[in-house]
Each structure stands twice: as structure tokens, then as C-alpha cells.
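> how would this look folded up:
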Amino acid sequence: MKTRVISGIFLGIITVAAGLLGGPAAGIILAACALVGYHELCRAAGVLTPGGAVAEAADEKELITVEMLRKRNHTNALEILGYGITALYYAGIIFLPEKAVNSFTLLVIVLLILGEMLIYVVTFPKFHADQIMTAIFAFLYAPLLLSFLYRARCLPHGIYIYTLIFFCTWICDTGAYFAGRFFGKHKMAPILSPKKTKEGAVGGVVSSVILCCLLAVFYDLRHPEQKLHLEPHRLSRETTTSRITATASPDTAASWTGLTRLFSQRRISIFLRCCCFGRSENYRNRRGAVRRPRLSSPGPAYTIQ
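Have a look, this model is predicted:
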């Protein structure tokens with residue numbers, strides 16, 4: 001219990017420091033936490049176990065010796081590659097522009113998979129296939145997911161989102177605890193976690209949603225210039241027409257200009273007739289309808305922004 005309290009206080013200090021500092025300092029702090037988390041996850045999941053040492057003992061129904069347990073803490077090539085990929089990834093998200101981070105993340109994941117598979121082939125049969133998959137999963141679970149804290153902190157007014165991530169988790173646990181204690185009757189996972197109930201799970205989700213709504217109201221009052229509530233984005237006819245005509249072909253632009261004029265004048269009946277009798281040149285000329293784009297030289301596709 002004492003160790004858990006000390007660890008919680010230490011992690012709390014790191015969390016607050018990273019949130020207050022922001023920028024590269026927060027990225028460096030979270031990178032250090034990611035490296036520690038990656039190491040602990042690899043050790044717990046058996047990535048550091050020499051291939052065949054524990055498996056052979058299990059096959060022969062022998063007890064795992066102390067020497068085998070000591071070998072579990074030895075760093076191997078899989079973990080070293082994970083350290084290097086983690087350092088490279090955090091250096092990229094800290095110093096690269098935001099628009100390039102998503103592509104860089106995908107590149108790093110591909111490099112990790114190729115590197116782990118290369119180690120597996122070159123050193124075969126030193127490692128098992130499950131160790132390769134576990135090493136890849138350890139990076140996706142610890143360093144990659146933890147990096148979204150830094151990316152959330154870098155957003156405009158990201159301190160609110162950064163705080164929400166932790167408070168939402170804490171409130172969810174607290175709400176689930178009290179809801180399960182007072183209303184819990186139906187077990188959710190009797191074997192995995194006997195004390196957790198379905199009522200507690202619902203209480204945790206509801207409490208988190210309430211917290212998010214309250215924080216949204218607070219943010220809306222604190223920063224009225226950036227509304228969080230959804231409003232219908234209405235564009236004027238002139239703005240929409242100018243945006244489309246800037247990217248469309250001349251025929252298409254002329255067609256769209258005519259269509260907006262038809263709608264603005266509420267001449268829906270003429271528009272429907274033009275759609276039904278679009279092939280009649282005499283009808284379009286007589287009614288003054290919109291000239292359709294030529295089929296022989298269609299313009300490029302356009303989208304309404």
C-alpha cells in the first residue's frame with residue numbers, strides 16, 4: 001500500500017508538471033514515462049524472456065528456477081528496438097509540424113513491424129512469434145497512446161483537454177465505485193473482477209458524461225469567442241457560388257450560378273422541368289433555363305466547402 005501511494009504521488013507530480021509546462025518540456029517528460037511504461041509492459045508480458053527457457057520448463061512440467069526469473073530482466077534486441085522507435089517517434093511529434101505527424105506516426109509503426117520481423121528472422125529460433133507480436137503491441141499500447149496526451153496539450157487551449165483526460169478517468173472510477181456500492185446487483189465479470197457490477201459501469205459512464213458537459217459549459221463561458229456548441233454553418237449564395245466557380249470548369253461554373261439564381265428566386269417548378277426535359281434544347285432556350293455542361297468536355301468534379 002505504501003508503494004502504491006508513493007507511486008501515485010510521483011505520477012501526480014509528473015502529470016501536473018507536464019500539463020503546466022506544455023511544449024517540448026511536456027513531450028520530453030511524457031517520452032520518459034513512455035520508455036518506463038514500455039519496459040514494464042515488455043517485462044510483464046514476457047518479451048524479455050529468452051525463447052524456449054520458460055516454455056521448455058512448462059513442457060516438461062518443471063518448476064521455473066530463480067535463474068530463469070533473472071533472465072526475464074535481461075534486455076534483448078526486441079526491447080532495444082522498441083526504445084529506439086519510441087525515442088524517434090517522440091522526437092518527431094515534438095519537432096515536426098502538426099500536419100506531418102499523422103504520416104510520421106504511420107511510418108514509425110511500419111518501421112517497428114519490419115524491424116521486429118527482421119530480428120525474428122535473423123536470430124531464429126531465439127525468439128517466439130508471440131514475443132514479436134507482444135513487443136509491437138507494447139509500443140502501440142504504452143508509447144503511442146501516451147503521446148496523445150502531448151498532442152492534446154498542443155491544441156489551442158489544450159490545457160482543458162489535457163485536464164479533462166485525467167479528470168474524466170478519475171471521475172469515471174469514482175462514479176463507478178459509488179454506483180456499484182449503492183446500486184450494484186448484477187456482476188459484470190465474475191471471474192475477472194468479481195466486485196465490478198453492471199450498475200457501476202453505467203454509473204461511471206454517466207458521471208464522465210456529466211463532467212464533460214460541465215467542463216464544456218465552463219469553457220464556453222471562459223472563452224466565448226470559441227463556441228463549443230454546434231451551430232449550423234450557413235453560407236451565403238454569393239460565398240458558395242464564388243467558392244465553386246473558383247475551382248470548377250467554365251461550363252460547370254455557369255451551371256451552378258444559374259442554379260443558385262433559380263433557387264434564390266424560388267422557381268422550383270422550372271428547375272424540376274429542366275431536370276425532366278434536360279435534353280430538349282428548345283425547351284431550355286424558350287424558358288431561359290441553365291445551360292448544362294457539355295458531355296464531350298466535362299469539367300473536374302467540385303465540392304462545396
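> so what's Val108 up against?
Residues in contact with Val108 (CB atoms under 8 Å, 6 or more residues apart in numbering) are Ile85, Leu88, Tyr89, Gly92. For glycine as for every other residue, the C-beta is placed from the backbone atoms N, C-alpha and C.
> Format those as CSV; extra columns: distance to Gly175 and secondary structure.
Output for the contacts of Val108, formatted as CSV (distance: CB to CB, whole Å; DSSP: H, G, I helix; E, B strand; the rest coil):
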residue, distance to Gly175, secondary structure
Ile85, 37, helix
Leu88, 39, helix
Tyr89, 34, helix
Gly92, 37, helix
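> Just the buried subset of the residues you listed, please.
With burial judged by 16 or more other CB atoms under 10 Å, the buried subset of the contacts of Val108 is Ile85, Tyr89, Gly92.
> and the gap between the closest residue to the second one other than its chain neighbours and Leu96?
Right, the one you point to is Tyr89. Leaving aside its sequence neighbours, Tyr89 sits nearest to Val108 (CB to CB, 6 or more residues apart in numbering; 4.7 Å). Distance of Val108 to Leu96, computed by CB to CB, to the nearest Å: 11 Å.
> and what of Cys42?
26 Å.
> Those two: who's more crowded?
Each of Cys42 and Leu96 had its neighbours counted (other CB atoms under 10 Å), and the higher figure belongs to Cys42 (26 against 12).
> close enough to count as contact, the more buried one and Ile80?
No. Counting by CB atoms under 8 Å, Cys42 sits too far from Ile80 to count as a contact (10.6 Å).
> Identify the single longest strand in the chain, thanks.
Secondary structure assigned by DSSP state E gives strand 193-197 as the longest strand of the chain.
> now the helix or strand immediately after it in the chain and strand 193-197, what's the angle there?
Using DSSP states H and E, the helix or strand that follows strand 193-197 in sequence is helix 198-222. Counting by axes from the mean of the first three to the mean of the last three CA atoms, to 10 degrees, helix 198-222 lies at 60 degrees to strand 193-197.
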